[in-house]
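Asks: No letters, just coordinates:
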């Protein structure tokens, strides 16, 4: 497979890097991370420059490109700062369901504001402790005429206090599993914040739904399609998380490489010690493997032939190699790596957060084994 980028893709990659390097100020990144604040102004600028919803059709506010181009932008953003890059890459989670299964009116109503940077979206699927098990969901939607009324609890919702709407999985007694677009401003919704180790710029929380009224036109697709929507959304999220992992690993490597070239110990640069050189070599290999897998998955997705089994391979290896690269970077920095001003400290925390989004090793290995065993 040829992974040579087209001129247009190279332009997007270069523009994303230039934007991030020019706007992601290290002091601002540190402040946002420590104060757990979403990068509001940077989100607006990124949207104005067309980096949000790159793969939406032009009629719905995007550039009409592929998910591969979105992956390139996410990778570039996270390589400059893992926290800001991840926050900007997650403002439209769930929009893939509307993009693939939604009506034209829903696309106009919800995708255009996302691309313009005036609205944010997230998903509300999980209810279990592990955040992935969908076998025992209990959120119920009762249809009364042209309205649905929701009751239940949703766990581990990204951007819980920031998203303007949530793609919500629920069960209607007569219609089966369905997904509804639920506005956060609806009466009966309570958000319960959750503290977490990394990705602090993205608020996290549980949703309590009590008699939440949702209009019929906010149902996506047909009756009984809810689980199909969820599986599609998880696929795209897995690919996006792999891009975050790739960019974060690259950013950690770049910082470790710069430190190794500048830091002197025992009269020599760190980069002159064989142990450090071998660490950097292994990190570079890990990043190239993750890049190849991520680019291949993104290419196949845009071609409409991405295999879930191969995506699981991409998620597994991107997560493994991310944690390994960031851990080695922390060791190269030594004691300086624990100082917040060096950024590696929050790269390390963010890496584990991205790893959770990619999926647990056991879960991903189970999926791969199912594919191998047929």
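Replies: Arrived safely, thanks for sending. No experiment lies behind these values; they were computed from the predicted model shown.
Asks: Count the residues that sit near the closest residue to residue 216 other than its chain neighbours.
Replies: Spatially, and ignoring its direct neighbours in sequence, residue 216 is nearest to residue 146 (4.4 Å; Cβ to Cβ, 6 or more residues apart in numbering). For every residue, glycine as well, the C-beta is placed using N, CA and C. Look at residue 146: counted by other Cβ atoms under 10 Å, it has 8 neighbours.
Asks: My read is that residue 146 contacts residue 215, right?
Replies: Yes. Residue 146 is within contact range of residue 215, at 6.6 Å (criterion: Cβ atoms under 8 Å).
Asks: In this structure, where's the longest helix?
Replies: If you go by DSSP state H, the chain has its longest helix at helix 226-262.
Asks: Verify the assumption that residue 169 is located in a strand.
Replies: Yes. Read with DSSP: H, G, I helix; E, B strand; the rest coil, residue 169 is one of the residues of a strand.
Asks: how about it, what does it touch?
Replies: Neighbouring residues of residue 169 by Cβ atoms under 8 Å, 6 or more residues apart in numbering: 124-125, 134, 137, 139, 177-179, 226-227, 229-230.
Asks: Which other helices and strands does the helix or strand hosting residue 293 contact?
Replies: Using DSSP states H and E, residue 293 sits in helix 274-302. With contacts taken as 3 or more Cβ pairs under 8 Å, 6 or more residues apart in numbering; DSSP states H and E, helix 274-302 sits against helix 67-80, helix 226-262, helix 308-333.
Asks: among the ones you listed, which is the most enclosed?
Replies: By mean neighbour count, with neighbours taken as mean count of other Cβ atoms under 10 Å, helix 67-80 ranks first of the helices and strands packed on helix 274-302 at a mean of 26.
Asks: returning to that earlier point: want to throw the helices and strands packed on helix 274-302 into CSV with distance to residue 24 and mean pLDDT?
Replies: Listed next are the helices and strands packed on helix 274-302 as CSV, based on distance: least, Cβ to Cβ, whole Å; pLDDT from 0 to 100:
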stretch, distance to residue 24, mean pLDDT
helix 67-80, 5, 97
helix 226-262, 10, 96
helix 308-333, 18, 95
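Asks: mind checking which of those is nearest residue 294?
Replies: helix 226-262 (4.6 Å; Cβ to Cβ).
Asks: re earlier: show me what counts as buried in the helix holding residue 293.
Replies: Within helix 274-302, the residues that count as buried by 16 or more other Cβ atoms under 10 Å are 276, 279-280, 283, 286-287, 290-291, 293-302.
Asks: cool, stretch 199-218 as well?
Replies: 199-207, 209, 212, 214, 218.
Asks: Endpoint to endpoint, that stretch covers what distance?
Replies: Distance across stretch 199-218, first residue to last, is 30 Å (Cα to Cα, to the nearest Å).
Asks: Now do that stretch: distance to the chain's middle.
Replies: When distances are taken as Cα atoms, centre = their mean, to the nearest Å, stretch 199-218 is centred 18 Å away from the chain's centroid.
Asks: Over to stretch 352-362?
Replies: The answer for stretch 352-362 is 11 Å, by Cα atoms, centre = their mean.
Asks: what sits up against it?
Replies: Residues outside stretch 352-362 that contact it (Cβ under 8 Å, 6+ apart) are 82, 86, 130-132, 196-199, 237-238, 241-242, 244-245, 248, 312, 315-316, 318-320, 322-323, 364.
Asks: mind running it again at 7 Å?
Replies: Stretch 352-362 is contacted by residues 86, 196-199, 238, 241-242, 244-245, 248, 315-316, 318-319, 322-323 when judged by Cβ atoms under 7 Å, 6 or more residues apart in numbering.
Asks: ranges for the helices of the stretch 1-150 of the chain?
Replies: 7-23, 26-35, 40-48, 67-80, 82-89, 95-101, 104-106, 112-116 (DSSP state H, counting those that start in this stretch).
Asks: Quick one, which of the helices and strands packed on helix 274-302 gets closest to residue 42.
Replies: It's helix 67-80; of the helices and strands packed on helix 274-302, that one is closest to residue 42 (Cβ to Cβ) at 9.4 Å.
Asks: Report the angle between the closest one and helix 274-302.
Replies: If you take axes from the mean of the first three to the mean of the last three Cα atoms, to 10 degrees, helix 67-80 sits at 150 degrees to helix 274-302.
Asks: What is helix 67-80 packed up against?
Replies: helix 7-23, helix 82-89, helix 226-262, helix 274-302 (3 or more Cβ pairs under 7 Å, 6 or more residues apart in numbering; DSSP states H and E).
Asks: Return the helix or strand in the protein with minimum mean pLDDT.
Replies: The weakest-scoring helix or strand in the chain, judged by mean pLDDT, DSSP states H and E, is strand 264-265 (a mean of 86).
Asks: Can you name the next helix or strand after it?
Replies: strand 268-269.
Asks: partners of that following strand in the sheet?
Replies: Take DSSP bridges as the rule and strand 268-269 pairs in its sheet with strand 264-265 (antiparallel).
Asks: Fine, thanks again, bye for now.
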